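Structure, please.
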Amino acid sequence: MGKIKIAFIADIHFQDDYAAYKNFDGLPINGVSKKAKIRTMAAQLHSTRLFNENYFALRATLDDIAKRDIKLVALPGDYTDDGQPLHVKGLATILKEYTERYGISFFITTGNHDPVGPFLTEAGKMDFLGKNGENQPIFSKKGLYKSDLKTENQVIVEPDLAKSGYREIFKNLHDFGFFPQKNYLYWETPFSRYSENNYSFKKARKASKIDQRTYKIGAGLDIPDASYLAEPVEGLWLLAIDGNSYIPFEENGEQRYGSASLGYNQTIAHKKHLFKWIADVAERAEKSGKTLIAFSHYPAVDFNDDASAEIGELLGKNKWQLERVPQENIAETLAKAGIKVHVAGHMHINDTGLRHYKNGDFITNIQTPSLGAYIPGYKILTLNTPAQIEVETVAVTDVPRFDEFFPLYKMEREYLTVNNLPAWDPSILESKNYLEFTSAHLKNLIKLRFLPEDWPENFREFLTLKTGKELLELANYKGNLALEKVTLDPETPSKKQLKKDKNTPDLTDFEKWSGIDMIFDFYRLRSADLLAVPYIGAQRLEQYNLLIKKVLANDTFKNAAENTNEHKLFLFAQIFRKFLHGQPADHFKINLETGNLTRLK
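Here you go, the predicted structure:
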């Protein structure tokens, strides 16, 4: 098997900004032929993802992939905003274009946003940007929403803003892995009854019908399972795992379904057939000498650099989406089944998780960043040899037309200001490129949502109002900064970058930043891992490490009573240190025989 490259693009959250709505004209932009149908900037700055600019980021990413001559692209879920038919069709049009122009084959699995539920659900959004800068509610059915005409336009009905179920997703994305294609060497589902030894395209087509791909849950309810295995080129098996599971319940006499956002934590109990099939696939791959790469929307390993326990103690067990952290039995179950490499999305972060077990089993979970969050990017997996996979993270920093909607955002903000409504910080519109735009988005998100909703008020005020110098003094540092040179541990991937800065920090440097800056960098590291290091800077990281070292070595903080600011600062330092000392997440190789990870330049 020669070198094979596969690109993974996760959490695009694509919204077709120039789709042809039946009842909504959209807003004109000077120099642009079509009218835009976008969400408000206010909505974006309160969301963990962008809604609008992803439209341009997707094309920029696919263009980059095409330039690299990569022919295989996998999408681990949440490729649309909420599975609305308008956006699913728009995505399908773009993928088809790149297939025809560049010969790219796409392989999709499901996310909790596509489909949102197993069956079509009426829905909509109240925060589209309407005329004069007002909110424009648009819903798929009349009566779902009542406008506040003081601050909103009248509701528009747009049937294709419903949330697709499996049938709609299958219908519109038929050609992108969900169904067998003639050029695939092999394709199966958890329910098909043939094997690679007696495979035929005719058998696969018959087994691919949706009514042949269901499992029962609750009172005999048949729920589709979109999982499949494909061999697009000789020697590579792509295992697309549908990690969605839906728990039925009744509300007002109607059948409803719970969210799939808990991922494997919920799925492992409700889709036992799936895990049995995964183990069977892995065993066959091993016997036939196939390289098996599994991908799902949901993480298989703790994505917080194993700091989830401390995060729960600091912020609360129901904060920071901790309910999405996979339970330890998930990784162990998949590793035991034979899954060695698992690519995921869902969390909009760049990270690598690794689990080794005494019996020799291991699993590497690769978290693919989102195109709609900081730092936007995608992963390239290169199969160098049957025993080695190289993983490269590509940051999507420059996106043509990323600022196309800025005139409309200015109109929105002017409306908010004139009407004395809460107005967002306009400095985001000074962004010079897409990376700066996502950085400004994260900064606003921290200010408007994360800090007020997740952080304990007393500790938030305690930390944000102090300078770095005051925090260092609080940590009882009594040495001479000019005499002490602090670097990360030898194993830390960032060591090389820190060594570039030969200047020893001094107290005046610590006065240049405050706790709020440290919190921003804390989130940057959590979101982008090593990709954020150059933007934080070697000197600043050196200062953070000195502060962390002193806080963790101080018995006053170590032994402080729970819920005190001293105790919380100790927890914060522990978490920050773990973020700095995680597995390599930028460019590294995986040894498929030992499970060892090696960082590459």
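
what mean pLDDT does stretch 574-592 have?
Computed over stretch 574-592, the mean pLDDT rounds to 96.

Give me the distance between the residue lying closest to Gln574 once chain neighbours are set aside and Thr352.
Counting by C-beta to C-beta, 6 or more residues apart in numbering, Gln574 lies nearest to Glu310, which is 5.0 Å off, once chain neighbours are set aside. Where you see a C-beta, it was placed from the backbone N, CA and C, and this is true even at glycine. Here Glu310 is placed at a distance of 19 Å from Thr352 (C-beta to C-beta, to the nearest Å).

Compare the two and say which is more crowded by neighbours.
The residue with more neighbours, out of Glu310 and Thr352, is Thr352; 23 against 19, by other C-beta atoms under 10 Å.

from memory Pro369 sits against Ala10, does it?
Yes: the pair Pro369 / Ala10 is scored as a contact, 7.1 Å apart, by C-beta atoms under 8 Å.

which neighbours do the two share?
Tyr378 (C-beta atoms under 8 Å, 6 or more residues apart in numbering).

quick revisit: for the residue nearest to Gln574, give me its contacts.
Counting by C-beta under 8 Å, 6+ apart, Glu310 has contacts Leu571, Gln574, Ile575, Lys578.

what packs against the helix or strand containing the last one?
Looking back up the chat, that one is Lys578. Taking DSSP states H and E as the criterion, Lys578 maps to helix 565-580. Applying 3 or more C-beta pairs under 8 Å, 6 or more residues apart in numbering; DSSP states H and E, we find helix 565-580 packed against helix 308-315, helix 457-464, helix 515-528, helix 538-553, helix 555-558.

how about the helix or strand that that helix is followed by as PDB, C-alpha atoms only?
Going down the chain from helix 565-580, the next helix or strand is strand 587-591, by DSSP H and E. Coordinates of each C-alpha in strand 587-591 appear next as PDB, following Å, rounded to 0.1, in the frame of the first residue of the first chain:
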ATOM      1  CA  HIS A 587       1.800  17.400  13.700                       C
ATOM      2  CA  PHE A 588       2.600  13.900  14.900                       C
ATOM      3  CA  LYS A 589       2.800  10.200  14.000                       C
ATOM      4  CA  ILE A 590       1.000   7.200  15.500                       C
ATOM      5  CA  ASN A 591       2.800   3.900  15.700                       C
END
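
quick one: least confident helix or strand in this structure?
Every helix and strand of the chain was ranked by mean pLDDT, DSSP states H and E. The lowest is helix 495-499, at a mean of 44.

I would like the residues contacting whichever helix or strand comes after that one, please.
Next along the chain after helix 495-499, taking DSSP H and E as the criterion, comes helix 507-510. The contact list for helix 507-510 (C-beta under 8 Å, 6+ apart) reads Thr467, Gly468, Lys469, Leu471, Leu472, Leu481, Gln539, Gln543.

pLDDT at the third one, what is it?
It stands for Lys469. For Lys469, the pLDDT comes out at 93.

residues near it, how many?
Neighbours of Lys469 under the rule other C-beta under 10 Å: 20.

can you check the first one too?
Counted by other C-beta under 10 Å, the residues lying close to Thr467 total 15.

Can you name the residues bridging to it?
Ser514 (DSSP bridges).

Would you check how far apart the residue lying closest to Ile169 once chain neighbours are set aside and Asn153 are?
Sequence neighbours aside, Pro115 is the residue nearest to Ile169 in space, at 5.3 Å (criterion: C-beta to C-beta, 6+ apart). To Asn153, Pro115 is 29 Å away according to C-beta to C-beta.

Double-check that Asn365 belongs to a strand.
Yes: counting by DSSP: H, G, I helix; E, B strand; the rest coil, Asn365 falls inside a strand.

among the helices and strands packed on helix 565-580, which gets the worst mean confidence?
Averaging pLDDT over each of those puts helix 555-558 lowest, since it has a mean of 91.

Just the buried positions in that helix, please.
Residues Phe557 are the ones in helix 555-558 that count as buried (16 or more other C-beta atoms under 10 Å).

same check, this time on stretch 108-123
Buried residues in stretch 108-123, defined by neighbour count with 16+ other C-beta under 10 Å: 108-121, 123.

burial measure for Tyr298, as a count.
Neighbourhood size, Tyr298 [other C-beta under 10 Å]: 30.

Outline the domain layout of the chain.
4-17+52-121+163-395, 431-584 (automatic domain parsing).

and those domains, which is most packed in?
Neighbour counts (mean count of other C-beta atoms under 10 Å) averaged over each of the domains of the chain peak at domain 4-17+52-121+163-395, with a mean of 20.

For that one, measure first residue to last.
End-to-end span of domain 4-17+52-121+163-395 (C-alpha to C-alpha, to the nearest Å): 21 Å.

Quick one: distance of it to the chain centre.
12 Å (C-alpha atoms, centre = their mean, to the nearest Å).

ok now do Leu569, which residues does it touch?
When contacts are counted by C-beta under 8 Å, 6+ apart, Leu569 is found next to Phe459, Phe462, Leu463, Leu471, Leu474, Val551, Phe557.

Distance to Thr291 added to the residues you listed, as a markdown table?
Formatted as a markdown table, the contacts of Leu569 follow (distance: C-beta to C-beta, whole Å):
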| residue | distance to Thr291 |
| --- | --- |
| Phe459 | 47 |
| Phe462 | 51 |
| Leu463 | 47 |
| Leu471 | 48 |
| Leu474 | 52 |
| Val551 | 45 |
| Phe557 | 48 |
